[in-house]
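*Asks:* build the 3D model from these lines:
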Amino acid sequence: MEFLTSVSYETGEGSRRLAGRKVEIRSDGGLSLKRGLYGIDGEAGERLRYSIGLTAQMNLLGNLAVEVDAIYKPLRVAGNTTDRPTAFSVLTWQFPVLVKYGWTRHRLTPFVEAGPSFGLA
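*Replies:* Reported below is the predicted structural model:
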């Protein structure tokens, strides 16, 4: 489970358009609420659990949109294995491509999204 937040800048109706459709660009960041990696012996643990990235969203029809993310998540692990201190880093990129449906309820804007995620490590 992660806590994610984003910062976006809303532009006028005439700007940031692709194929006649409005495009939104925002930055995202998050922190994991649980420990991520553990060693086989249980002594190694992930130290930093954050992610940052960029999101582009294009509105399709009504409340339907497509969203593409580029998320950077470094995994830095430190611990003791075989009686020696061990530390290593793995730099990962995730690229989710999501279909998003949103609606407005009073002052809230809930949404549901689903799709595949591609990654590089």
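*Asks:* quick check: mean pLDDT of the helix or strand that contains Val66?
*Replies:* In the assignment (DSSP states H and E), Val66 maps to strand 64-81. Mean pLDDT, strand 64-81: 81.
*Asks:* that one: what's the following helix or strand?
*Replies:* Next along the chain after strand 64-81, taking DSSP H and E as the criterion, comes strand 84-102.
*Asks:* helices or strands next to the following helix or strand past that next one in the packing?
*Replies:* Using DSSP H and E, the next helix or strand after strand 84-102 towards the C-terminus is strand 111-114. If contacts are counted by 3 or more CB pairs under 8 Å, 6 or more residues apart in numbering; DSSP states H and E, strand 111-114 sits against strand 84-102. Using the backbone N, CA and C atoms, a C-beta is placed for each residue, glycine as well.
*Asks:* so what touches the strand it packs on?
*Replies:* Residues outside strand 84-102 that contact it (CB atoms under 8 Å, 6 or more residues apart in numbering): 39, 44, 53, 57, 63-80, 109-121.
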